[in-house]
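**Student:** sequence and predicted structure below; questions after.
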Amino acid sequence: MKKYFPVLMLCFFGLISFKTSQPTPVSIDEYAAKADSIISLMTLNEKLGQLNLPVGGDITTGEAGSSDVLNSIREGKVGGLFNLKSAEKIKEAQRVAIEESRLKIPLLIGMDVIHGYETLFPIPLGLSSTWDMKLIEKSARIAAIEASADGINWTFSPMVDVSRDPRWGRVSEGNGEDPFLGAKIAQAMIKGYQGDDLTAYNTIMACVKHFALYGAPEAGRDYNTVDMSRQRMYNEYFLPYQAAVEAGVGSVMTAFNDVDGIPASANKWLMTDVLREQWGFDGFVVTDYTAINEMTAHGLGDLQHVSALALLAGVDMDMVGEGFLTTLEKSLEEGKISESHIDTAVKRILVAKYKLGLFDDPYRYSDLDRSEKEIFTQEHRKTAREIAAQSFVLLKNEGSILPLKKSGKIALVGPMADNRENMSGTWSVAGRFTEAISLKDGLENALGNEVTLLTARGANVVEDAEYEERVSIFGKPTYRDERPEETLISEALEIAREADVIIAAMGESAEMSGEAASRSDIEMPANQRRLLEALLETGKPVVLVLFTGRPLAIKWEAEHVPGILNVWFAGSEAGDAIADVLFGDVNPSGKLTATFPQNVGQIPIFYNHKNTGRPLPEGQWFQKFRSNYLDVSNEPLYPFGYGLSYTEFDYSGLQLSAEELSGDETLQITVDVRNAGSLDGSEVVQLYVRDLVASITRPVKELKGFEKVFVKAGETRSVTFELTKKDLMFYNQDAEFVWEAGEFEIMVGGNSQDLIKTKVNWN
């Protein structure tokens, strides 16, 4: 009887019930009280176990793993698992926790569900290019449905790090360079994952990452140090994280980098002062993969010391490193931490499990029937195709080469022409790579017997075999062809000369961007460039279908190729979606959320930069003793917000509700958008503001609103934005959020460069 006493007590107090009915959500205070009751029954080792997050099994990321996980669960040494796939396996792990551990505490089950589960959507940078919050939320909702049907109750998403350096590989996993847009996307993703009721069987807990500033590493090199003023943190980088907290995100993941010389996982100012005290976050904090252990390499001390630092900073769960599990008892004995610090972390994790309904029914996410019926469905794939088509950005369309006609002969050439596995892009750990639709598949599906489709590889992804091996990982082979380059190009030219038009499928492979995939050279690989040059020399019209997980420096391509469609990595239905746009069944409407540089020497380059005391006069290329380069203009190749359509949009009639405002009045901004072309289309109307005089230097423009509108050919739509005083506030030199009256420039247009302008005085 004695060994069952803790469980009987839990049941008596209603702390666990193991019902199968839908739980009734309660307040966080009630959850906290229940958690306290459980904590009172726990041994120290069981408490430390709740803070431990090992890898679960068959999908492994990072460099380390955990052995004998099931036995650790029996011993109460595990609070959650991640990257364990399948409802059956997860149900077994939960069974061990519920039936074979002393206190029967259910497990959190996490996975990197980043842009879909088995049905994959475009990479996040591509999703952001839709500028459509409803579609982005829908993608996360489908991801939650599928992941929860397979046993997952927690996702390490969204990643909201602002990034202005495309050399950094994880720019593919974020939402680009703008904090305002990133904040909107963060909220849409969290709403999609968590829904209105986190205890619902088909919602999962979100985890915003990486807190903080991970997207600004020196030299664009992953995991590298970050150094910036606090004023810049608040004004340019913090907003998406704060928006996630306001949206009710359940958990936060620490960053690998240091901030003010302190690694994020030991940074009390970040994890407690900002996150909890300033923003009111009430969830739990988990580290990234072995981030606590890595603080030793940062130079902060041995594992025992850095583990104590992390706990004291406000970290609650240790991913994989087991520093909490193996060292906190000693730190407690030595008085370096208190048991109240441990209890606080345990309480936050237990409350999260209550929020998910796991104490009510630990098997709620392990429904084998749902697993068979709700994953990779035709309906989900149809939505993935629709969203993918909205993410593509038409960069160039000289002579209206696009859309293509479904007639004659088409040559499809390039290393990305026929590669299903690479359509998914990076961070797609649960995807069905071999069931994705390649570009070749998509063209064949679209063309049927009406058109002759000729195909040739033409080039490898990169010339260097060792380099290509480094990116042929995670089940995404690049199918390197070892024949001489001259043979590959000759084979491509043979079909190109026979064709009426050439589609060149080129750029990066899926794992040339992503974590630990930084690149110092972001131009088109040289061997692919040589193939493209040869194709252009045939005199046949060429369309470049550009696959990429980052902005590329494609100045040569922009000068020589008549048509360029940037398709990112579009997910499960990539090929069909690309064909939809190439042949005009869908009019492209994507807009860039990250600036494309002319060359790598311009990096970092972003639209919302500050002025200098010696700005280059507008319209000039170079002037001595001004802020410019000798060898290239200051302008980007393609600016933030840029994207063409198969029709044209004209902006006119910019009007303000008042030219003078005071206090808490609301400013209405109205603009007319006319579809001047012959095709219906959608346009992302963008509102920018510049604070002309302030107590600190301010950006030359900042995004403050956007709306994606559908306009029929020949018609005009009026679009209205509203601004309040709060929209114009900023953090001053003392990191105080302030309002300063003055003159503001109001700008509206289809991208961050081509804008119509007016001014308002706000006192």
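**Tutor:** In hand now; what should we look at? Bear in mind the structure is a predicted one, so any value in this text is a computation, not a measurement.
**Student:** CA only for contacts and neighbour counts going forward, please
**Tutor:** OK.
**Student:** any idea of the pLDDT on Leu10?
**Tutor:** At Leu10, the pLDDT value in this model is 54.
**Student:** surely Asp680 is in contact with Ser645?
**Tutor:** No: when contacts are counted by C-alpha atoms under 8 Å, Asp680 is not listed as touching Ser645 (9.7 Å).
**Student:** what is in contact with the two at once?
**Tutor:** Both Asp680 and Ser645 are contacted by Asn587, under the criterion C-alpha atoms under 8 Å, 6 or more residues apart in numbering.
**Student:** between the two, point out the one with more neighbours.
**Tutor:** The residue with more neighbours, out of Asp680 and Ser645, is Ser645; 23 against 19, by other C-alpha atoms under 10 Å.
**Student:** chain neighbours aside, what residue packs nearest to the more buried one?
**Tutor:** Pro588 (5.4 Å; C-alpha to C-alpha, 6 or more residues apart in numbering).
**Student:** run a quick neighbour tally on the one you found.
**Tutor:** Here the count is done by other C-alpha under 10 Å, and Pro588 has 28 residues near it.
**Student:** could you do Ala658 as well?
**Tutor:** Applying other C-alpha under 10 Å, we find 14 residues neighbouring Ala658.
**Student:** return the residues in contact with it.
**Tutor:** Neighbouring residues of Ala658 by C-alpha under 8 Å, 6+ apart: 667-668, 760.
**Student:** among these, which are located in helices?
**Tutor:** Among these, no member is found in helices (DSSP state H).
**Student:** run through the residues that contact the spatially most central residue of the chain.
**Tutor:** Centroid check for the chain by C-alpha atoms, centre = their mean gives Gly174 as the closest residue, at 3.0 Å. Contacts for Gly174 (C-alpha under 8 Å, 6+ apart) come out as 124-125, 158-163.
**Student:** go again with 10 Å.
**Tutor:** By C-alpha atoms under 10 Å, 6 or more residues apart in numbering, the contact set of Gly174 is 114, 123-128, 157-163, 182, 185-186, 209, 215, 514, 593.
**Student:** hmm, back to that, which among the contacts of Ala658 count as buried?
**Tutor:** Among the contacts of Ala658, those buried by neighbour count (16 or more other C-alpha atoms under 10 Å) are 667, 760.
**Student:** any idea of the pLDDT on Asp68?
**Tutor:** The score at Asp68 is 82. That number is its pLDDT.
**Student:** ugh, wrong one, I meant Ser366
**Tutor:** pLDDT, Ser366: 88.
**Student:** what secondary structure does it sit in?
**Tutor:** With DSSP: H, G, I helix; E, B strand; the rest coil as the basis, Ser366 sits in coil.
**Student:** burial check on it, number of neighbours?
**Tutor:** A count of nearby residues for Ser366, using other C-alpha under 10 Å, gives 24.
**Student:** likewise Gly619?
**Tutor:** Count around Gly619 with other C-alpha under 10 Å applied: 6.
**Student:** and if you look at Val162?
**Tutor:** 29.
**Student:** surely it touches Arg232?
**Tutor:** No: with contact defined as C-alpha atoms under 10 Å, Val162 does not reach Arg232; the gap is 11.9 Å.
**Student:** which neighbours do these two share?
**Tutor:** Taking C-alpha under 10 Å, 6+ apart as the contact rule, Val162 and Arg232 both touch Phe238.
**Student:** out of the contacts of Gly174, name the ones that lie in helices.
**Tutor:** Those of these lying in helices (DSSP H): 124-128, 182, 185-186.
**Student:** quick check: the farthest pair among these?
**Tutor:** Gly126 and Ala186 (14.4 Å; C-alpha to C-alpha).
**Student:** okay, the two: which has more neighbours?
**Tutor:** When neighbours are counted by other C-alpha under 10 Å, Gly126 comes out ahead of the other of Gly126 and Ala186, with 35 against 31.
**Student:** do I have it right that the more buried one meets Thr426?
**Tutor:** No: between Gly126 and Thr426 there is no contact under C-alpha under 10 Å: 11.8 Å.
**Student:** just the element for Ser331, please.
**Tutor:** helix 323-333 (DSSP states H and E).
**Student:** wait, a helix at Gly705?
**Tutor:** No: judged by three-state DSSP, Gly705 forms no part of a helix; its state is strand.
**Student:** what about it, how many residues nearby?
**Tutor:** Gly705 has 18 neighbours, counted by other C-alpha under 10 Å.
**Student:** list the beta-bridge partners for it.
**Tutor:** Leu687 (DSSP bridges).
**Student:** go ahead and confirm it touches Gly749.
**Tutor:** No: the pair Gly705 / Gly749 is not scored as a contact, 11.0 Å apart, by C-alpha under 10 Å.
**Student:** what residues are up against Asp68?
**Tutor:** Gly56.
**Student:** do you know how far it is from Ser251?
**Tutor:** Distance, Asp68 to Ser251, by C-alpha to C-alpha, to the nearest Å: 27 Å.
**Student:** and Glu469, what pLDDT?
**Tutor:** Note for Glu469: predicted pLDDT of 96.
**Student:** surely it is within a helix?
**Tutor:** Yes: secondary structure of Glu469 (three-state DSSP): part of a helix.
**Student:** now for it: which residues touch it?
**Tutor:** So, once contact is read as C-alpha under 10 Å, 6+ apart, Glu469 ends up touching 462, 477-480.
**Student:** next, count neighbours for the nearest residue to Pro699 once chain neighbours are set aside.
**Tutor:** Distances taken as C-alpha to C-alpha, 6+ apart put Lys610 closest to Pro699, at 4.2 Å, once the chain neighbours are dropped. Lys610: 13 surrounding residues under other C-alpha under 10 Å.
**Student:** my guess is Lys610 contacts Asp691, does it?
**Tutor:** No: using C-alpha under 10 Å, Lys610 makes no contact with Asp691, being 11.0 Å away.
**Student:** what's the overlap in contacts for these two?
**Tutor:** Common neighbours of Lys610 and Asp691 (C-alpha under 10 Å, 6+ apart) are 697-701.
**Student:** can you pick the most crowded of these?
**Tutor:** Busiest of the shared contacts of Lys610 and Asp691 [other C-alpha under 10 Å] is Lys701, holding 22 neighbours.
**Student:** distance check, that residue against Glu745.
**Tutor:** From Lys701 across to Glu745, the span is 9 Å (C-alpha to C-alpha).
**Student:** give the residues shared as contacts by the two.
**Tutor:** Counting by C-alpha under 10 Å, 6+ apart, the residues touching both Lys701 and Glu745 are 688-692.
**Student:** and those as TSV, adding pLDDT, distance to Val274 and secondary structure?
**Tutor:** Formatted as TSV, the shared contacts of Lys701 and Glu745 follow (pLDDT from 0 to 100; distance: C-alpha to C-alpha, whole Å; DSSP: H, G, I helix; E, B strand; the rest coil):
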residue	pLDDT	distance to Val274	secondary structure
Tyr688	98	28	strand
Val689	98	27	strand
Arg690	98	27	strand
Asp691	98	26	strand
Leu692	98	29	coil
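**Student:** which of those residues count as buried?
**Tutor:** For those, buried by 16+ other C-alpha under 10 Å: 688-691.
**Student:** wait, a strand at Ile190?
**Tutor:** No: looking at Ile190 with three-state DSSP, it is helix, so not inside a strand.
**Student:** for it, give me its contacts.
**Tutor:** 137, 140-141, 157-158, 204-208, 244-245, 247-250.
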